[in-house]
Structure formats: structure tokens, C-alpha cells
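> predicted model and sequence follow; I will ask about them next.
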Amino acid sequence: AYAFNPYHIVRAGYGRFTAVVKRRVHARFATLEHLFDRAEQSVRYAKTTAEVDLLVDRLRTLWSDYERLVARRKRVRTQIEQLGEQLKASGDLPALDHLKGLTLFNLTRVAGQTGPLTDFRSRRAVLRYAGLNLRERQSGSYRGQTRLSKKGRPLLRKILGQTVFPVLRRRFLYGGYYHRKREEGMIGSKAKVAVMRKFLCMLHSLACSGDAFDPERFSTCESQYAQTA
């Protein structure tokens with residue numbers, strides 16, 4: 001709207017600047033106020049027309065680079081989601097993207113790090129692969145605290161954290177479990193890791209059994225579910 005030129009922004013004034021930008025994009029007034037304040041700082045320093053044109057041209061180049069990056073990310077995300085649909089169709093990826101908070105994009109990213117979950121013989125094996133297995137520090141007669149080993153794939157742990165973060169709300173998939181841990185005194189980061197462990201084990205179980213996700217089975221302990229069945 002202002003050709004990347006702070007002189008044009010200041011000349012228009014704050015009121016007109018916010019009105020013009022608001023008509024084009026959704027922006028908070030705090031952001032617009034910050035931008036206008038930076039524009040005022042920029043024009044305090046006297047610059048020749050040649051200097052201003054050079055800076056404007058540089059900003060145009062940076063903006064085109066940003067737009068190209070955004071378009072590339074959207075294209076890659078679409079490709080990942082298409083791959084996720086193929087994995088769901090073949091049964092290699094449990095269909096969980098219908099659950100609130102879980103996305104096909106993040107589930108496919110998890111599958112990209114683990115490979116076929118059926119290759120793991122047990123839950124403990126897949127937890128070790130992710131570095132989410134618990135290990136007690138020992139040295140001679142010394143017995144330390146039980147901590148995560150963190151010997152597995154750090155990128156898998158990062159993606160798992162991003163995947164489960166939206167479902168920690170109270171009414172979402174792991175909200176009850178997460179907030180129960182918090183009420184018991186567990187700190188937020190540890191409670192989140194506990195959710196990551198449970199979620200990865202659930203993915204492994206669904207992949208090995210080939211069963212669809214059952215909300216009743218998820219919220220019921222194994223003995224009670226067997227009696228009900």
C-alpha cells in the first residue's frame with residue numbers, strides 16, 4: 001500500500017495509515033502502532049532520494065523472498081498431506097485426523113520419523129527409538145533420579161510435542177489426563193512428555209492391531225472394557 005516507503009507512511013498520518021491497512025489485511029492496532037512508530041524513527045534520519053530508493057528496492061526483494069518461502073511451505077505441506085492420505089489408505093497410518101486438535105500434517109510428520117510402526121516389536125522399542133524411555137541414573141551404589149534417556153531421535157520428540165500440544169486442552173483428547181497430572185503436582189513440561197509417551201504408544205497399538213480408534217476404549221481401562229465387551 002505504501003511501496004515499502006516509511007516516508008509515505010508518515011506523510012499519510014497514523015489514522016489514514018491504519019484505515020488503509022485494515023481494509024487490506026487483518027492486523028492488530030498494536031502491530032500497526034508499532035509499524036508507524038518504526039516508520040517515524042526511520043524518517044528522523046535525513047536520506048537522499050537515491051538512498052531511499054535503494055532501501056525500498058532492498059525491502060521489495062526481501063518481501064518477494066518471503067512470499068516465495070510462504071508459497072513453498074504451503075506446497076510442501078500439501079505434498080505431505082497427500083502422502084498422509086496414501087498412508088491412511090494403505091493402513092500404514094492410523095486415521096486420527098478426525099479428532100479435534102490432531103492434523104493429518106503432523107501425523108504424517110510423525111510417521112516420516114518413525115517409519116512403519118509395525119516394525120517395532122513392542123511399545124518399549126518405539127519409546128526407545130524416540131528417546132522417550134525412562135532410565136535411572138546409576139553409578140556404583142548411587143541411585144539417581146529417573147529421567148528420559150533422550151538417546152533417540154530428537155526431531156521425532158519435537159514433532160510429537162507439536163502434535164500433542166493442541167490436544168492438551170481440557171475437552172480435547174488428552175486434556176483430562178494432562179490436567180490430572182498437573183493437579184497431582186507434575187510440572188507442565190513433564191506432563192506434556194507423559195502425553196507424548198502415551199500418544200506414541202497409542203499410535204503403535206493402532207498400527208499393529210489395524211483397528212480404528214475407539215473413543216470408549218480410549219477412555220476406559222483394559223479390565224473394565226473387557227467386562228463391558
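Arrived safely. Residues are numbered from 1 along each chain as shown.
> how near is K198 to Y174?
For K198, the distance to Y174 (CB to CB, to the nearest Å) stands at 7 Å. For the C-beta atoms, the positions are set from N, CA and C on the backbone; glycine is no exception.
> so these two - more neighbours on which side?
It is Y174, of K198 and Y174, that has more neighbours when counted by other CB atoms under 10 Å, with 23 against 16.
> contacting residues around that one?
Y174 makes contacts with V164, V167, L168, V195, K198, F199, as judged by CB atoms under 8 Å, 6 or more residues apart in numbering.
> now name the helix or strand holding the last one.
I take that to be F199. helix 188-209 (DSSP states H and E).
> that older thread, adding pLDDT and distance to A1, write the contacts of Y174 out as TSV.
Listed next are these as TSV, based on pLDDT from 0 to 100; distance: CB to CB, whole Å:
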residue	pLDDT	distance to A1
V164	95	40
V167	93	39
L168	94	39
V195	94	44
K198	93	49
F199	94	45
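> wait, which of those is closest to P215?
Checking the contacts of Y174 against P215 with CB to CB, the nearest one is V167 at 13.2 Å.
> from R217, how far out is that closest one?
Distance, V167 to R217, by CB to CB: 17 Å.
> looking at those two, which has the bigger crowd around it?
Set side by side, V167 and R217 show more neighbours around V167, with 20 against 14, by other CB under 10 Å.
> from what I see, that one and K100 are in contact.
Yes - using CB atoms under 8 Å, V167 is in contact with K100, at 7.5 Å.
> in this structure, where's the longest helix?
Looking across the chain with DSSP state H, the single longest helix is helix 49-90.
> report the central residue of this structure.
Geometric centre of the chain, nearest residue: Q162, 3.3 Å, by CA atoms, centre = their mean.
> which strand or helix spans the closest residue in space to it that isn't next to it in sequence?
Closest residue to Q162 apart from its sequence neighbours, by CB to CB, 6 or more residues apart in numbering: N106 at 6.1 Å. For N106, the enclosing helix or strand under DSSP H and E is helix 104-114.
> for that helix, which outside residues touch it?
The contact list for helix 104-114, computed with CB under 8 Å, 6+ apart, reads 77, 80-81, 83-85, 87-88, 92-94, 96-97, 117, 120, 126, 129-130, 153, 155-156, 159-160, 162-163, 200, 203.
> tell me the buried residues in it?
By neighbour count with 16 or more other CB atoms under 10 Å, helix 104-114 contains the buried residues L104, F105, N106, L107, T108, R109, V110, A111, Q113, T114.
> may I have it as CSV, with CA atoms only?
Coordinates of the C-alpha atoms in helix 104-114 are reproduced here as CSV (Å, rounded to 0.1, in the frame of the first residue of the first chain):
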residue,chain,number,x,y,z
LEU,A,104,-3.0,-35.0,9.1
PHE,A,105,0.0,-32.9,8.5
ASN,A,106,1.5,-33.6,12.0
LEU,A,107,0.5,-37.2,12.0
THR,A,108,2.3,-37.7,8.7
ARG,A,109,5.4,-36.0,10.0
VAL,A,110,5.4,-38.4,12.9
ALA,A,111,5.1,-41.3,10.5
GLY,A,112,8.0,-39.9,8.5
GLN,A,113,10.2,-40.1,11.6
THR,A,114,9.2,-43.5,12.8
